[in-house]
Structures are given as structure tokens and as C-alpha cells.
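Asker: sequence-free structure coming up:
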């Protein structure tokens, strides 16, 4: 459930931030911190902080950073912004589903 919610929030963040200047590093960091907090609230537990957990969130941070950075380049109009946001949301959802296996493979 958290995967769908965070993908939806990312897509809405991109659409609603259209036509304004961005501070990409700051916005990406705030988004990831908010998602960590929402994840803790929904699971009713603190995360098990280890190298796999940290690497997983770092990968997600890089994806969100690149998605927000490319938004200004790709999304020139309203329709392209909506399409780009939907595509980024879907890719982010699948990234979140597969991040544990990817991180486990990278750590080994």
C-alpha cells in the first residue's frame, strides 16, 4: 500500500509543481524524508536501519532526483507533464517493488 501511495504522491508532486522554479536537491530530500516517515507510520514500527535499508533509500533518492530534474526538460506542456508524471509514478512503483532484490544483489 505504501508503494502505491508514494508513487501517487510523486506523480502529484510533479504535476502540481509544473511552471515554477525548483530546488531539486531540497525537494528530493524532503520527499524521501516524508516517505520514510509515512512508511514508519503505516507500518507502526521504526525501520530496521542497516546497509540494505540505506542503499535502498539512496537508490530511490537518485531516481526521484533524476525524475524531478528531467521534468523541466521533458514536460513542456500540460499534457506532456501529466503523461510524464504517470510514467514516473509507474516506474517508481515497480522500482519500490524490486528494490529489495536489487539491493541484495548489489550488496553480495
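Answerer: Yep, that arrived. Bear in mind that the values here come from a model prediction, so they are computed numbers and not experimental data.
Asker: dump the residue contacts of the most centrally placed residue in the chain.
Answerer: Residue closest to the mean C-alpha point of the chain, counted by CA atoms, centre = their mean, is residue 64 at 4.4 Å. Counting by CB atoms under 8 Å, 6 or more residues apart in numbering, residue 64 makes contact with 10, 28, 31, 32, 92. For glycine as for every other residue, the C-beta is placed from the backbone atoms N, C-alpha and C.
Asker: out of these, which is most surrounded?
Answerer: Counting neighbours by other CB atoms under 10 Å, residue 10 leads the contacts of residue 64 with 23 neighbours.
Asker: who's in contact with it?
Answerer: Taking CB under 8 Å, 6+ apart, we find residue 10 in contact with 31, 64, 67, 85, 88, 89, 92.
Asker: if we go to 10 Å?
Answerer: Residues near residue 10 by CB atoms under 10 Å, 6 or more residues apart in numbering: 31, 35, 60, 63-64, 67-68, 85, 88-89, 91-93.
Asker: Return the distance of it relative to residue 52.
Answerer: To residue 52, residue 10 is 22 Å away according to CB to CB, to the nearest Å.
Asker: try residue 64
Answerer: 19 Å.
Asker: ok, now residue 65?
Answerer: 20 Å.
Asker: can you tell me the helix or strand for the residue nearest to the centre of the chain?
Answerer: Here residue 64, judged by DSSP states H and E, is contained in helix 51-74.
Asker: Figure out how far that helix is from the centre of its chain.
Answerer: Centre-to-centre, helix 51-74 and its host chain are 6 Å apart (CA atoms, centre = their mean, to the nearest Å).
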